[in-house]
Structure formats: C-alpha cells, structure tokens
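**Q** Below is the sequence, then the predicted model.
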Amino acid sequence: YMNLNRSTIGHFTNRAEIDFSFPAEISGLALKERKGNLKALLGLSTTDWAKIAPGLTYLLHYPYGCIEQTSSGIIPLAGIRKLVSLNLIPGVELSKVDGFLKAGVSRLLRMQRSAGGFAYWPEDSEIHWWGTLYATFALTAAKQAAAEDAKAGFEVPEEALDKALSYISKRLFKDKDTSDVHGYGIYELAAVDLALNGKLATDSLDILLAGYEERSTEGKAFLTWATALAKGSNAPKAREMAKKLTPKMISVRTWYDSGPREVAAALAASIQADPTSKKNDDFAGSLLKSLDKEGRWGSTAHTGWCLYALSQYFSKKTLGKADDILVEVKQAGKEPQKVRIGATSVEIALDPEALLTDGKIQLTAADGKMVNWNLSVTYPELATNPESLNHGFILSKEIKNLNGSKEFHVGDLVKVSIEFVDDAASK
C-alpha cells in the first residue's frame with residue numbers, strides 16, 4: 001500500500017472534542033496490514049504557529065519536479081527554519097527541513113543555465129523568465145536561512161546566486177526586454193530579488209516604479225517590499241505605499257492570479273515597510289482564516305508563499321516567556337495523556353487502533369487559555385493494492401529510466417509500459 005496523510009486543525013479554550021473518521025474500508029483490513037501503516041499524531045501549541053505545521057508537512061512530502069514546485073518548497077521552509085529550530089512548529093524536525101533545503105537547492109542549481117537564468121525543467125535548455133525570478137527568490141531565502149545558523153545543513157553558492165542576479169538586472173535595465181516581464185506581478189518580483197541582495201539602487205528602483213498605479217495589487221505589494229529594502233530608499237514612502245495596499249482573498253483564481261499569494265505579498269511588504277502596522281495582523285489573520293481543513297492553501301505555490309509571509313510575521317513576534325498549561329488528551333478506552341505546553345510546542349503520539357474504533361478525542365486545558373491543535377493521521381490507500389483491484393484482469397507495469405540508470409529522480413524522463421491480460425478469458 002501507499003499511505004495517505006490527512007491533517008486537520010483547530011483551537012479550544014477549556015475543553016474540546018475532536019471527531020476523526022477513517023474511511024470505512026480501513027477497519028476491514030487485517031490487523032497485520034494495519035500495523036505500521038496507521039499513525040496518529042497530535043500537535044499542541046499556545047500560539048497560531050501550530051496551524052501552519054500541516055502545510056509544512058505537506059511541502060516536505062510533495063514530489064517536487066519543475067522550477068515552480070521546487071521553489072515553492074524551498075521558500076517557506078527557509079523562511080520558517082528559525083521557528084523550527086526553536087521547537088515552535090509541532091511535528092516538524094529541523095533535520096528534515098535542512099535535508100529538503102539541501103536537496104532543493106541542488107535541484108534548482110541543476111536548472112541554472114550558463115547565462116545565469118533558469119530553465120523550467122532540468123532537461124530544458126531555454127531560460128524561463130518568471131521561473132528565474134521565482135528560483136532566485138528561493139535561493140535568496142535559503143541563503144538568508146543558512147546565514148542565521150552556522151550549523152545549517154545546506155548552503156547556497158554565492159557565484160550561482162550572483163549569476164542569477166546579474167541575468168535579471170541585465171534583462172531589466174540593459175536589454176530592456178518587455179516581452180513578458182510585466183505579466184502577473186512577476187516583473188515586480190524582480191525588484192524584490194535585487195533588493196533583498198543589495199543589488200537595487202534608488203535610480204533603478206525609480207525605473208521599476210514607473211506606472212506603479214497601473215500595476216496589479218500583487219505587483220504593488222512586491223514594489224512596496226522592494227522600496228522598503230532598496231539601498232538609499234525612502235522609508236516614509238514605503239510606509240505610505242504599504243498603507244494603501246488592499247489585497248483581496250478571492251479563492252477562485254489561477255496560479256497567475258492568486259488571492260492567497262496577493263495577501264501574502266502584501267503581508268511580506270507591510271512587515272518590511274512598517275513592522276508595527278496593525279495591517280500586518282489583519283493580513284496574517286486573513287491568511288490563517290483561509291486555511292483549508294488540511295492546513296494549506298491549495299496549490300504548492302499558494303501554500304509556499306502564504307507560509308513564507310506568515311513565517312516573517314511570526315518571526316517578528318516576541319516569544320517571551322509563557323506559563324505552562326496542563327493539557328489532558330483522552331481517547332476512548334485509553335489512559336489520559338497529560339502534557340505541559342508553554343512557549344514551545346508539543347507533539348504526542350495517539351493510539352491509531354483506538355482512534356479507528358472510536359474517533360473521538362477529548363481535550364481539556366487548565367486556566368481557561370486558548371490552545372491550538374493539529375491532528376495528523378496516516379493510513380493505507382487501498383486503491384494502491386493491486387489485489388484489491390483484481391476482477392478478472394492481470395495488470396503488469398514496467399518503468400524504465402531513459403537515461404539508462406536504475407535509479408529514478410524527480411524530473412527524469414521515463415518510459416512506462418502497462419500490460420493488461422484478461423485472466424478470465426485465458427482460463
């Protein structure tokens with residue numbers, strides 16, 4: 001079987017009940033087939049940080065391939081790494097984050113071409129413009145995360161990042177290529193890439209700010225962010241720009257026109273322009289409210305940007321000291337588990353067999369303080385068992401890597417051969 005992971009989040013004061021239901025067919029599996037495949041983990045925290053754990057877990061397990069998918073994993077994990085190192089995100093291990101970032105950076109660099117830009121897939125030769133801007137932002141975020149910790153298990157080569165920045169700067173200011181640079185707010189992301197790396201002077205920023213009022217809301221947010229970062233920039237101007245940002249959380253949009261990403265960009269810009277603005281709380285609240293029941297925002301791109309912006313928001317919050325709160329977790333037929341949570345988060349293992357019998361989990365917290373929780377449950381996907389699909393046909397599958405290797409990596413070209421045999425007819 002292949003295993004599925006399902007997450008749900010919530011919060012409570014004093015007491016609450018979680019009611020989780022496995023798919024009906026799971027109880028029909030033999031105990032030996034369930035053993036090792038059923039898992040249930042409950043994360044508890046006194047902060048909203050617990051709410052973003054499922055989204056991070058989703059990105060850690062997503063099968064990345066193209067420039068967007070790989071970058072969408074690197075961006076939030078780099079942004080959130082500091083919080084993970086402080087044990088503030090339940091169920092997310094620093095070693096796994098570093099392992100993903102190391103592999104992700106390596107994969108991005110395999111898509112960089114000699115001119116400095118990036119292709120959309122490792123096997124492509126043509127440079128993809130907005131993919132280049134996206135990848136450069138991801139490498140910048142990873143570089144910043146590595147700079148915060150000398151023991152970080154990954155690094156970003158300066159030469160590769162400098163080549164990417166030079167390519168972006170040349171295309172914008174020397175070649176003045178406008179073939180597709182204005183599309184979907186991505187043009188404005190170029191300004192953020194350059195500014196984050198100290199490569200955007202005031203005169204260059206003025207060029208990018210031309211026609212600011214005609215830009216999309218997301219584009220305005222990126223330019224506001226760049227204005228707050230640029231060398232010799234006008235801080236009061238950036239604050240005024242941030243005050244006028246009015247993103248809308250419209251869910252029915254494409255990757256190129258994303259409501260969640262629009263709010264995330266506005267949050268990141270506002271934090272940089274005015275860290276004390278009340279609008280930061282409003283934007284962060286809007287993102288948290290738009291989380292789906294599994295703790296993410298739909299696509300990898302949406303989830304990645306939202307998590308990155310929230311990581312910047314939460315990182316600005318003073319951790320301080322927190323009184324321990326005693327939380328009791330009770331499953332039917334099991335002894336209660338009691339844990340104390342304070343400034344850091346806690347994750348406890350539940351009995352998955354007990355949860356299969358009775359999906360109710362009773363939570364009780366002392367002192368009337370709010371506690372956030374996230375439940376992560378893993379179980380087999382029965383459709384992946386060939387035997388369960390045998391109704392008179394025999395199915396065989398062969399996968400070959402076209403590069404001749406016996407190993408498979410995301411992005412490799414493969415040949416898949418599938419053979420169907422009517423077993424009933426042959427008899």
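**A** Looks like it came in fine.
**Q** Mind listing what's buried along the helix or strand where Pro236 lies?
**A** Assigned by DSSP states H and E, Pro236 falls within helix 235-243. For helix 235-243, the neighbour count (16 or more other CB atoms under 10 Å) marks 238-239, 241-242 as buried. The way it works is simple: take the backbone N, C-alpha and C, and place the C-beta from them, glycine included.
**Q** do the same with stretch 355-372
**A** For stretch 355-372, by 16+ other CB under 10 Å, it's 355-356, 359, 361, 363-365, 371-372.
**Q** Let's see which of those end up in helices.
**A** 355-356 (DSSP state H).
**Q** Show me which of the buried residues of stretch 355-372 is closest to Tyr187.
**A** Using CB to CB, Asn372 comes nearest to Tyr187 of those, at 37.8 Å.
**Q** circling back to that earlier point, for the buried residues of stretch 355-372, which one is nearest Phe420?
**A** Leu356 (34.7 Å).
**Q** show me the contacts for that closest one.
**A** 22, 26-27, 34, 38 (CB atoms under 8 Å, 6 or more residues apart in numbering).
**Q** which residues in the stretch 51-200 of the chain form strands?
**A** With strands called from DSSP state E, counting those that start in this stretch, the stretch 51-200 of the chain shows none.
**Q** where does it dip in pLDDT?
**A** For the stretch 51-200 of the chain, the stretches flagged by pLDDT under 70 are 61-64, 175-186.
**Q** Also the stretch 201-350 of the chain?
**A** Ranges of the stretch 201-350 of the chain meeting pLDDT under 70: 233, 251-257, 293-294, 317-323.
**Q** next helix or strand past the helix holding Pro236?
**A** Assignment by DSSP H and E places the next element after helix 235-243 at helix 259-273.
**Q** relative to helix 235-243, how tilted is whatever helix or strand comes next after that following helix?
**A** Toward the C-terminal end, the helix or strand that comes next after helix 259-273 (DSSP H and E) is helix 278-289. Helix 278-289 runs at 40 degrees relative to helix 235-243, counting by axes from the mean of the first three to the mean of the last three CA atoms, to 10 degrees.
**Q** Show residues contacting helix 278-289.
**A** Residues outside helix 278-289 that contact it (CB under 8 Å, 6+ apart) are 48, 51, 242-243, 245, 247, 249, 260, 263-264, 266-267, 270-271, 274, 297, 306, 309-310, 313, 316.
**Q** mind redoing it with 10 Å?
**A** For helix 278-289, the external contacting residues (CB atoms under 10 Å, 6 or more residues apart in numbering) are 9, 48, 51-52, 221, 242-243, 245-249, 259-260, 263-271, 273-274, 277, 297, 305-307, 309-310, 312-314, 316-317.
**Q** Remind me what the very next helix or strand once past that helix packs against, helices and strands.
**A** For helix 278-289, the succeeding helix or strand toward the C-terminus, using DSSP H and E, is helix 300-315. In terms of contact count using 3 or more CB pairs under 10 Å, 6 or more residues apart in numbering; DSSP states H and E, helix 300-315 is assigned the packing partners helix 53-61, helix 67-85, helix 129-147, helix 259-273, helix 278-289.
**Q** Run the angle between the third one and helix 67-85 for me.
**A** Put simply, helix 129-147 runs at 20 degrees to helix 67-85, going by the same axes, to 10 degrees.
**Q** mind exporting helix 129-147 as PDB, just the C-alpha atoms?
**A** Output in PDB follows, covering the C-alpha atoms of helix 129-147 (Å, rounded to 0.1, in the frame of the first residue of the first chain):
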ATOM      1  CA  TRP A 129      11.800  34.200 -17.200                       C
ATOM      2  CA  TRP A 130       9.400  34.100 -14.300                       C
ATOM      3  CA  GLY A 131      10.900  30.800 -13.300                       C
ATOM      4  CA  THR A 132      14.200  32.500 -13.000                       C
ATOM      5  CA  LEU A 133      12.700  35.200 -10.700                       C
ATOM      6  CA  TYR A 134      11.000  32.500  -8.600                       C
ATOM      7  CA  ALA A 135      14.100  30.400  -8.300                       C
ATOM      8  CA  THR A 136      16.300  33.400  -7.400                       C
ATOM      9  CA  PHE A 137      13.900  34.300  -4.600                       C
ATOM     10  CA  ALA A 138      14.000  30.800  -3.300                       C
ATOM     11  CA  LEU A 139      17.800  30.700  -3.400                       C
ATOM     12  CA  THR A 140      17.900  34.100  -1.600                       C
ATOM     13  CA  ALA A 141      15.500  32.800   1.100                       C
ATOM     14  CA  ALA A 142      17.700  29.700   1.600                       C
ATOM     15  CA  LYS A 143      20.900  31.900   1.700                       C
ATOM     16  CA  GLN A 144      19.300  34.000   4.500                       C
ATOM     17  CA  ALA A 145      18.300  31.000   6.500                       C
ATOM     18  CA  ALA A 146      21.800  29.500   6.200                       C
ATOM     19  CA  ALA A 147      23.300  32.800   7.300                       C
END
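**Q** quick one, strands of the stretch 301-427 of the chain?
**A** Under DSSP E, counting those that start in this stretch, the stretch 301-427 of the chain gives strands at 325-331, 337-341, 346-349, 360-365, 370-381, 393-401, 414-422.
**Q** Would you mind finding the most buried of those strands?
**A** Most buried of the strands of the stretch 301-427 of the chain by mean neighbour count (mean count of other CB atoms under 10 Å) is strand 370-381; its value is a mean of 20.
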